[in-house]
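Asks: Need coordinates for the below:
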Amino acid sequence: MKLLAKWLLSAAALLAVAHLYSGVVVQSFSAALVAALVIGLLNAVLRPVLIVLTLPVTVVTLGLFLFVINALMFYWAAALLDGFQVRGFGAALVGSLLYTLLGLVIHSALERLFPQH
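Replies: Residues are numbered from 1 along each chain as shown. The predicted model follows:
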């Protein structure tokens, strides 16, 4: 149940990002659902590999390169989908930051609603 709630709220967060920032365009809620799923899959599969491969750069930049990796996941998800568009890498960076901030709020709220025992 928690996973379904997180998926739906992540799609809503993606719509909120599109509403707040003109560099990100989401055509519909169904497109946001698919985009949230693809972003989640990219973050689960590709992001850890990229973090390991770019560890020296991440250490030298004191972790700031992780923002670039997040933006890449966001940008690549938009490149894969039709109803989700990002207007350039700068827009992907801003969009991924907003999406991450909203994701933190969602995660915190879901932890309170579905506490682990």
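Asks: in the host helix or strand of residue 39, what's buried?
Replies: Using DSSP states H and E, residue 39 maps to helix 29-53. Across helix 29-53, burial judged by 16 or more other C-beta atoms under 10 Å covers 31-36, 38-40, 42-43, 47, 50. For the C-beta atoms, the positions are set from N, CA and C on the backbone; glycine is no exception.
Asks: repeat for stretch 55-71
Replies: Neighbour-count burial for stretch 55-71 [16+ other C-beta under 10 Å]: 58, 65-66, 68-71.
Asks: So for that stretch, first residue to last residue, what's the gap.
Replies: Across stretch 55-71, the terminal residues are separated by 16 Å (C-alpha to C-alpha, to the nearest Å).
Asks: Start the count at 737 instead of 1 going forward.
Replies: Let's use 737 as the start, then, which means that last one is stretch 791-807.
Asks: Off-centre distance for that stretch?
Replies: Relative to its chain's centre, stretch 791-807 lies at 16 Å (C-alpha atoms, centre = their mean, to the nearest Å).
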